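Colleague: need coordinates for the below:
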Amino acid sequence: PLSVQRTGFPEFPLRLVSLVVDVCSSLQMTVALKWSHATNSLEQITRAAEDPSITAVECDVMLGVANESGTHFYETPILAHPPHRESDISVATLLLRMTEKNDQGDKILRKHLKLDFKR
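Modeller: Down below sits the predicted model:
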């Protein structure tokens, strides 16, 4: 049985979580996943994205300060685990690094992503 532990942002709609759980529980996994856990820095994301043996990436998401290339973005979704409140990578940058264009020019994810929302 699949269970959902609700942590993180209270405004996240439970109906969406239920929909995702229903879809995921109905899928047959034919390939074993190799995870990169607590992948919360630019260096870790880059390594995971480039490693062909890694099929899934788990990141911790929270609001904080993104310090990307010397520019600070405040109260933005970042990759970090409490008590840290600053990161060198935002969720927006994560999604850019984890997507690629397919033959039709559509953006697709390069890896499975699990986002663990924190307070």
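
Colleague: residue ranges with poor pLDDT in this structure?
Modeller: Applying pLDDT under 70 to the chain flags residues 1-31.

Colleague: what are the boundaries of the strands in it?
Modeller: When secondary structure is read from DSSP state E, the chain shows strands at 35-36, 56-68, 71-79, 86-87, 99-101, 107-109, 112-117.

Colleague: possible to save those strands as a markdown table with mean neighbour count?
Modeller: Glycine gets a C-beta too; all of them are placed from N, C-alpha and C. Listed next are the strands of the chain as a markdown table, based on neighbours: other C-beta atoms under 10 Å:
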| stretch | mean neighbour count |
| --- | --- |
| strand 35-36 | 18 |
| strand 56-68 | 19 |
| strand 71-79 | 15 |
| strand 86-87 | 19 |
| strand 99-101 | 12 |
| strand 107-109 | 11 |
| strand 112-117 | 15 |
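
Colleague: make TSV out of the ones you listed and add distance to Ile45.
Modeller: Putting the strands of the chain into TSV (distance: least, C-beta to C-beta, whole Å) gives the following:
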stretch	distance to Ile45
strand 35-36	9
strand 56-68	7
strand 71-79	7
strand 86-87	10
strand 99-101	12
strand 107-109	13
strand 112-117	10
